[in-house]
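> Quick one, what's the 3D model for this:
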Amino acid sequence: MAKKLLVSIVAFVLCVTVLATEMIVKQRNGEEWKINVADVEEVFFEEDGIQDDSSVIDASETFLLFNILSDSTVEVTRDKSGNWKPSYLGHDSITIPEKVRIDGNLYTVTSIGKDAFYKCSSLTNIDIPERVTSIGDYAFASCSSLKSINIPESVSDIGDFAFFYSKSLESKLLIYDNGTKCYGWIGDNEKCTEVIIPSGVTSIKKYAFESCSNLTSVIIPEGVKSIGEAVFKSCSSLTNIKIPESVKSIGEEAFRKCSSLTSIKIPESVKSIGIDAFSSSGLISIDIPEGVTSIGDGAFYGCNSLTNIEIPKSMTSIGGHAFKGCSSLTNINIPENVTSIGIFAFEECNSLEPKLLIHDNGRKCYGWIGDKEKCTEVIIPSGVTSIKQSAFYKCSSLTNIVIPESVKEIGDFAFQDCSSLATINIPEGVTSIGSSAFSSCNGLEPKLLIYDNGTKCYGWMGDREKCTEVTIPSGVTSINDGAFSYCDNLTRIDIPSGVTSIGKYAFQECNSLTSVDLPAGVITIGNFAFSRCGNLTNINIPESVTNIENFAFESCSSLTSIDIPKNVTNIGIEAFKYCTNLEVVIDNSKDNVNVGRDAFNKCKSVTWLKE
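Predicted structure coming up:
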């Protein structure tokens, strides 16, 4: 039986495609109907049914800019043509559409992109549709006139500093994602004085209350799992906060510069304390509960009122600079389970009992803690296998140290600036000596130091002004980082065959060095290896070299020619920069060599022998 088809303009786009015996009708929502043409007697349109769908807008008819995210979704974005001029200046009230048509295709607006309305100082009101799920970093930051904004229930993610410095917004605590997430304070930070985060919240956004300088008290509900990055940073009036038992970690800078916070109870649920978590705070004492296994770098750095701290037996790691500058700290216990203590963890803690600190069941020597002027003679006990980085750094009163045969490793800068050190023994079993381990130890006998059964050259120890001519003995295979750096009087260096690597900074600023013969077998020339050797006129690059690292010959202004062999596949950043008289010849093509930024900047010429 023949039928009549009523097509309302409200429901359909005026586009009808007839294919064979079927008619395909495409609706506004993207769905298609297939109708057998044989069953259709008439097609007509009801003009009275025409309606305007205000939730849909054509991209060509709006000043708003969109970025396509998928086949069906877009985000509102900003002009990314290369300048940071705000995209929507001059607009005071904006309604973001639910849907937008771009080149005939329909998309749902699901996101407000990063920086979308950043610094739109004229914007006073914005209406966000219900289907938006995310608001990007800095999306409405520095919108100084913005007074009203709705956050739909559909929003599950709000980026960092989304409303930063938009002080005209109603000052309040912003909770979103069905009450499970706390963005923090929006509006005027000075009006944030006391905060009760509601029950149901499980996460607090990083930077949530940063610089709320009048905030004095915070109540955090059970269920919150972590105190994130910089949540209370620079809350200088904060005196009272209760951390619930559900919290497992205290994040980076969480309470940094909370200068009025003198005490805090950390619950037993916490397992880690992040980088700079309490640095420069007003803490006087703190008990770290059993269960915490790590204290991050700088966690209590600059807490100059801190007098006592209890570290639990569960602790295994104390980060670098963790207690640096805690000048009032008189007592600290290091449990046996601690296997790692970072560089300068107790630097400038001059109220601590001055002593040698050994940890990790007697295997590691952290170095000296307390007043360094009282470090005069040291006997490192047998069983220690490593002397850690900067262990005795600037112990200028140290005259003598005994290192046991068990030591295998001496860390970077371990004895740097020990200016009174007159003697030191290097056990035969030492296999690693770090960069600048004996730098500025001018009281030591000036000599070339070879170690690890004659295979490694540490470089010059003692007064570097007395380093004039050096012959590295046969058997050496590597030259340490910084081995002869700043040996300003070094005129000749003989490097034996068998050496495969020239370390970083190895000959940096050896200004009297004029000629260097690198032996066959060298593979790598390290970062800054010959940097600023201003009088170096001649150096060869052997066929074995594959890698010339960053700044390797930077500012060698007297070099006139250099041939780079075919096996070199990498020439680092600024490797020959400011070699103003240098003509470079490369036995390769540009396609076969990775050349870093400004590698030949200011060189006289560069010639590639192969295409």
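
> so where's this structure shaky on pLDDT?
Applying pLDDT under 70 to the chain picks out residues 1-54, 82-84.

> repeat that with 50
For the chain, applying pLDDT under 50 flags the ranges 1-20, 28-29, 45-51.

> Using the record's assignment, carve it into domains.
Domain ranges of the chain: 3-49, 57-169, 453-611, per automatic domain parsing.

> Tabulate these (JSON lines), appending mean neighbour count and distance to residue 354.
To be clear about C-beta, it is placed using only N, CA and C from the backbone, and glycine gets the same treatment. Output for the domains of the chain, formatted as JSON lines (neighbours: other CB atoms under 10 Å; distance: least, CB to CB, whole Å):
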{"stretch": "domain 3-49", "mean neighbour count": "12", "distance to residue 354": "76"}
{"stretch": "domain 57-169", "mean neighbour count": "17", "distance to residue 354": "44"}
{"stretch": "domain 453-611", "mean neighbour count": "18", "distance to residue 354": "26"}
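
> now those domains as TSV including distance to residue 261?
Converted to TSV, these look like this (distance: least, CB to CB, whole Å):
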stretch	distance to residue 261
domain 3-49	55
domain 57-169	23
domain 453-611	42
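
> Please work out which residues outside stretch 144-153 touch it.
92, 120-132, 135, 140, 158, 163, 165-170, 174, 176, 178 (CB atoms under 8 Å, 6 or more residues apart in numbering).

> Tell me if I'm right that residue 411 and residue 392 touch.
No: Residue 411 is not in contact with residue 392 according to CB atoms under 8 Å; the separation is 10.3 Å.

> between the two, which one's more packed in?
Ranked by neighbour count (other CB atoms under 10 Å), residue 411 and residue 392 place residue 392 first, with 26 against 21.

> ok, the more buried one - contacts?
For residue 392, the contact set (CB under 8 Å, 6+ apart) comprises 367, 368, 375, 378, 398, 401, 414, 415, 418.

> Kindly recompute the last result at 7 Å.
367, 368, 375, 398, 414, 415, 418 (CB atoms under 7 Å, 6 or more residues apart in numbering).

> helices or strands up against the helix or strand that residue 241 is a member of?
Per DSSP states H and E, residue 241 falls inside strand 240-242. On a contact count with 3 or more CB pairs under 7 Å, 6 or more residues apart in numbering; DSSP states H and E, strand 240-242 meets strand 217-219.

> So in that sheet, which strands flank the strand it packs on, and in what orientation?
Applying DSSP bridges, strand 217-219 is found paired with strand 194-196 (parallel), strand 240-242 (parallel).

> how about those strands in CSV, adding mean neighbour count and distance to residue 317?
Below are the strands paired with strand 217-219 laid out as CSV (neighbours: other CB under 10 Å; distance: least, CB to CB, whole Å):
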stretch, mean neighbour count, distance to residue 317
strand 194-196, 15, 32
strand 240-242, 15, 25
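
> Any chance of those strands in CSV with distance to residue 553 as columns?
Shown next, in CSV, are the strands paired with strand 217-219 (distance: least, CB to CB, whole Å):
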stretch, distance to residue 553
strand 194-196, 58
strand 240-242, 56
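
> Please enumerate the strands of the stretch 151-300 of the chain.
Using DSSP state E, counting those that start in this stretch, the strands of the stretch 151-300 of the chain run over 157-158, 172-176, 181-186, 194-196, 203-204, 217-219, 226-227, 240-242, 249-250, 272-273, 285-287, 294-295.

> export those to a markdown table and tack on distance to residue 342?
Listed next are the strands of the stretch 151-300 of the chain as a markdown table, based on distance: least, CB to CB, whole Å:
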| stretch | distance to residue 342 |
| --- | --- |
| strand 157-158 | 34 |
| strand 172-176 | 37 |
| strand 181-186 | 31 |
| strand 194-196 | 34 |
| strand 203-204 | 28 |
| strand 217-219 | 30 |
| strand 226-227 | 22 |
| strand 240-242 | 27 |
| strand 249-250 | 18 |
| strand 272-273 | 13 |
| strand 285-287 | 19 |
| strand 294-295 | 9 |
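
> Which one, of those strands, ends up nearest to residue 262?
strand 285-287 (8.4 Å; CB to CB).

> Give the buried residues for the closest one.
residue 286 (16 or more other CB atoms under 10 Å).

> Quickly note the distance from residue 152 to residue 126.
Applying CB to CB, to the nearest Å, the value for residue 152 to residue 126 is 12 Å.

> next one: residue 210
Distance from residue 210 to residue 126, by CB to CB: 24 Å.

> next one: residue 510
On the measure of CB to CB, residue 510 and residue 126 end up 63 Å apart.

> Over to residue 390: give its phi and psi.
The phi/psi pair for residue 390 (degrees, to the nearest 10) reads phi 60, psi 30.

> Burial check on it, number of neighbours?
When neighbours are defined as other CB under 10 Å, residue 390 has 24 of them.

> That one contacts residue 413, correct?
Yes: using CB atoms under 7 Å, residue 390 is in contact with residue 413, at 4.6 Å.

> which residues in the stretch 351-500 of the chain form helices?
For the stretch 351-500 of the chain, applying DSSP state H, counting those that start in this stretch gives no helices.
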